[in-house]
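Trainee: Could you look at this predicted model? Sequence included:
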Number of protein chains: 2
Amino acid sequence: MNLLDGKLISSQIKEEIADAVSEMKKSGKKVPHLAAMIVGTEGASETYVAHKVKACGQVGFESTLVRMDAGVSEEALLAKIEEINNNDDIDGLIVQLPLPSHISEEKVVAAISYKKDVDGFHPINVGRLFIDQPCYVSATPNGIVELIKRYNIETSGKHCVVLGRSNIVGKPMALLMARKGYPGDATVTVCHSRTKDIKAVCRTADILIVAMGRSEFVTADMVKEGAVVIDVGITRVKSEKTKSGWKLLGDVKYDEVAPKCSYITPVPGGVGPMTIVSLLNNTLKAARKELYD
Amino acid sequence: MNLLDGKLISSQIKEEIADAVSEMKKSGKKVPHLAAMIVGTEGASETYVAHKVKACGQVGFESTLVRMDAGVSEEALLAKIEEINNNDDIDGLIVQLPLPSHISEEKVVAAISYKKDVDGFHPINVGRLFIDQPCYVSATPNGIVELIKRYNIETSGKHCVVLGRSNIVGKPMALLMARKGYPGDATVTVCHSRTKDIKAVCRTADILIVAMGRSEFVTADMVKEGAVVIDVGITRVKSEKTKSGWKLLGDVKYDEVAPKCSYITPVPGGVGPMTIVSLLNNTLKAARKELYD
């Protein structure tokens, strides 16, 4: 069994990005600049945004944290987005979700310039992903693809089973694994809550990507000997064994599944750390105008 | 074995659309208006566009055929599209593909206002399809979904196998069958040229949607007893038995497969006739501004 070590790979990629930023500085270019908007002060969102801002600092990016009051009007929020869209100094813009219920997430996501949409949520980026045109791919699928690449996991002709059909993980992963090229060329099956005999389907998987949001859902009897298992789930549960009183669980029952796998992601330290470097990578691409003018 | 009779259903839908147009007229509204652009005079494109224009007439739509010389510059073509985008009298705009090689299809498709993109090819419509937002769905997947609905084919929890991963059939069909709701909630497997043991995968299908573009690819040994088979393929081959000297073949070996099926589409007369009514339906929606202002 080999670990798909997201912690290790993500720190390598951060170094690569930091090197690229140094080169940009040396040649007199401005450094990549990410703007992160947060509406209100909900705990989890604060933590996520703080991580992103911190990661920007680690690789030498400039970052701007834009705070809006929880009571901000949709109009004022959209106006602020438009201002950032038009600010040439800012390369990437993310708005931390979820938003307060009086604001339409659909409108907000569509208001971000697709050229600065480093989260890859804008319909234009999603649409371009669908039709295999260059685009910003959202952080989690992007991170998984990068892990697969760095470990040279064979995907062509393999049966890839994706558990979950969310817009930000399940569906884009299915697309990315089925498309032509590498990683890709896999036969892909998408399963979800309505799937009959999900255990039997899982057992046919050469590559199993789990994004159900149900802790320890995948057990050893669901995994084929030698499979590659990628666990996107992360649930915080109480624990008497840890100092903090909490521990993190994936969607895969790691202890019993891992021995059967050729490769597996741990939780934490697997897919999680890859998502932030995906955001950094997209911001670097935006600063270099690799995808759009 | 029951026929999924696209010819019958499409003529029923045409009547429904014609009735809707009569109502619009009665209430003093303008009738739906489709503009179809054709570049050059390539034979197949001429035929397709002629069919679409004819269908508009049948249901009482206005239509405008815009002919451009094969040598037209990309700039001039884009300018014409912009003119139609800004013409309030025209509700829907399609540009017949393929285009001459000196013109970028990507640019042309993106230049059509997504609000008039009744072919459903614009990245915004494709992206919205992906994230389950209302949008124009392209003709073939739209037509298949309509057939499934009209025959009340059960899809929830069924295993749907899609052969082919094209942008305009395979990928959108996979999405539509996997999404929440009806038709949908199926476990979906996408197969393609790199799939190993495609016969075995097909045999597990409750619903088999075939869009490989390989005539008579699916044989009886690939189909489970009682399966629903939807054949998107259409290939013209020489025949000594027909008056015209030609016959049309699907991707399914109909004679041997049909007896095993609960439902099957014939070729011709199955999916084909449904595609044009999908275009008409999208144009009606555009005229009513059902999706976008």
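Mentor: Right, received. Where do you want to start? Numbering: from 1, shown residues only, chains lettered A, B, ... in the order given.

Trainee: Quick check: mean pLDDT of the lengthiest helix in chain A?
Mentor: Secondary structure of chain A per DSSP state H: the longest helix is helix A:6-26. Taken as a whole, helix A:6-26 has an average pLDDT of 98.

Trainee: Run through who's touching the helix or strand that that helix is followed by.
Mentor: Proceeding N to C from helix A:6-26, the next assigned helix or strand is strand A:33-39, under DSSP states H and E. Applying Cβ atoms under 8 Å, 6 or more residues apart in numbering or on different chains, the set of residues contacting strand A:33-39 from outside is A:45-46, A:49, A:52-53, A:56, A:61-70, A:72, A:77, A:80-81, A:84, A:87, A:89-96, A:99-100, A:103, A:118, A:279, A:283, A:287. All C-beta atoms are positioned from the backbone trio N, CA, C, and that covers glycine.

Trainee: who's in contact with A:Lys285?
Mentor: Listed by Cβ under 8 Å, 6+ apart, the contact partners of A:Lys285 are A:118, A:136, A:291.

Trainee: still on that earlier bit, buried ones from the contacts of strand A:33-39, can you make that a PyMOL selection?
Mentor: Here the buried members of the contacts of strand A:33-39 are turned into a PyMOL selection, burial being counted by 16 or more other Cβ atoms under 10 Å in any protein chain shown:
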select buried, chain A and resi 45+49+52+53+56+61+62+63+64+66+68+72+77+80+81+84+90+91+92+93+94+95+96+99+103+118+279+283+287
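
Trainee: what's the longest helix of chain A in contact with?
Mentor: Contacts with helix A:6-26, where a contact means Cβ under 8 Å, 6+ apart, come from A:30-32, A:55, A:58-61, A:143, A:146-147, A:150, A:265-266, A:269-274, A:276-277, A:280-281, A:284, A:287.

Trainee: re earlier: give me the subset of the contacts of strand A:33-39 that lies in strands.
Mentor: With DSSP state E as the criterion, strands contain A:62-68, A:92-95 from among the contacts of strand A:33-39.

Trainee: In its sheet, which strands sit next to the helix or strand of chain A with the lowest mean pLDDT, and in what direction?
Mentor: In chain A, the helix or strand scored least confidently by mean pLDDT, DSSP states H and E is strand A:235-238, which has a mean of 91. Neighbouring strands of strand A:235-238 in its sheet, by DSSP bridges, are strand A:246-249 (antiparallel).

Trainee: For the strand it pairs with, which outside residues touch it?
Mentor: Counting contacts by Cβ under 8 Å, 6+ apart, the residues outside strand A:246-249 that touch it are A:215-216, A:233-239, A:241, A:267-268.

Trainee: how about the longest helix of chain A as PDB, C-alpha atoms only?
Mentor: Below are the C-alpha coordinates for helix A:6-26, written out as PDB (Å, rounded to 0.1, in the frame of the first residue of the first chain):
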ATOM      1  CA  GLY A   6      -1.200  15.300  -0.300                       C
ATOM      2  CA  LYS A   7       0.700  17.000   2.400                       C
ATOM      3  CA  LEU A   8       4.000  16.200   0.900                       C
ATOM      4  CA  ILE A   9       3.000  16.900  -2.700                       C
ATOM      5  CA  SER A  10       1.300  20.200  -1.800                       C
ATOM      6  CA  SER A  11       4.400  21.400  -0.100                       C
ATOM      7  CA  GLN A  12       6.500  20.500  -3.100                       C
ATOM      8  CA  ILE A  13       4.000  22.400  -5.300                       C
ATOM      9  CA  LYS A  14       4.100  25.400  -3.000                       C
ATOM     10  CA  GLU A  15       7.900  25.500  -3.500                       C
ATOM     11  CA  GLU A  16       7.500  25.300  -7.200                       C
ATOM     12  CA  ILE A  17       5.000  28.200  -7.100                       C
ATOM     13  CA  ALA A  18       7.300  30.200  -4.800                       C
ATOM     14  CA  ASP A  19      10.100  29.700  -7.300                       C
ATOM     15  CA  ALA A  20       7.900  30.900 -10.100                       C
ATOM     16  CA  VAL A  21       7.000  34.000  -8.100                       C
ATOM     17  CA  SER A  22      10.700  34.700  -7.400                       C
ATOM     18  CA  GLU A  23      11.300  34.500 -11.200                       C
ATOM     19  CA  MET A  24       8.500  36.900 -11.900                       C
ATOM     20  CA  LYS A  25       9.900  39.400  -9.300                       C
ATOM     21  CA  LYS A  26      13.400  39.100 -10.800                       C
END
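
Trainee: Thanks a lot, see you next time.
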